[in-house]
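Peer 1: return atomic coordinates for the entry below.
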Amino acid sequence: KIHALTDAFCRPIAFLLTGGQVADCTAADTLPEHMPHTDILHGDRGYDTHAVRAKIENMGVAPNIPPKANRIWKSCFSPVLYRKRNAIERMFCRLKDFRRIATRYDRSAVSFMATVCIAATISYWL
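Peer 2: Alright, predicted model coming up:
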């Protein structure tokens, strides 16, 4: 899986590559460290754990993550603000225009991550 941080203009800031069987919340241990200053962090439902929320709140950022269906305590969540999360979806759609990323031809994780970084640099930063 590719985990990513983007800014409001759909530009990627940081990537993290994990195995397909690894839970999403484990990626949240390292990605927020690369996050620039912001007021609200929009996250996917897979990042809805107490540890992830505490880490984000300790950074001084308000997490806007939809609660999982099986949670007893439902946290504060704004569906109106969550609409801005489409920035990351648009970034992934643009990266998947590169056939090598969409089909994952690379056998090693290092090669695949390099391909993702090169495609992101070409698409957004050049």
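
Peer 1: I'd say residue 35 and residue 41 touch.
Peer 2: Yes - in this structure, residue 35 is within contact of residue 41 by C-beta atoms under 8 Å, at 7.1 Å. To be clear about C-beta, it is placed using only N, CA and C from the backbone, and glycine gets the same treatment.

Peer 1: now do the closest residue to residue 67 other than its chain neighbours against residue 55, distance only.
Peer 2: Leaving aside its sequence neighbours, residue 67 sits nearest to residue 74 (C-beta to C-beta, 6 or more residues apart in numbering; 4.6 Å). According to C-beta to C-beta, to the nearest Å, residue 74 stands 19 Å off from residue 55.

Peer 1: neighbour count winner among those two?
Peer 2: residue 55 (16 against 11; other C-beta atoms under 10 Å).

Peer 1: contacting residues around the more buried one?
Peer 2: 28-29, 32 (C-beta atoms under 8 Å, 6 or more residues apart in numbering).

Peer 1: closest one of those residues to residue 14?
Peer 2: Taking C-beta to C-beta as the measure, residue 32 is the one of the contacts of residue 55 closest to residue 14, at 9.2 Å.

Peer 1: surely that closest one is in contact with residue 58?
Peer 2: No - counting by C-beta under 8 Å, residue 58 is not a contact partner of residue 32; they are 9.5 Å apart.

Peer 1: tell me which of these two has more neighbours.
Peer 2: Using other C-beta under 10 Å as the criterion, residue 32 and residue 58 rank with residue 32 on top: 20 against 9.
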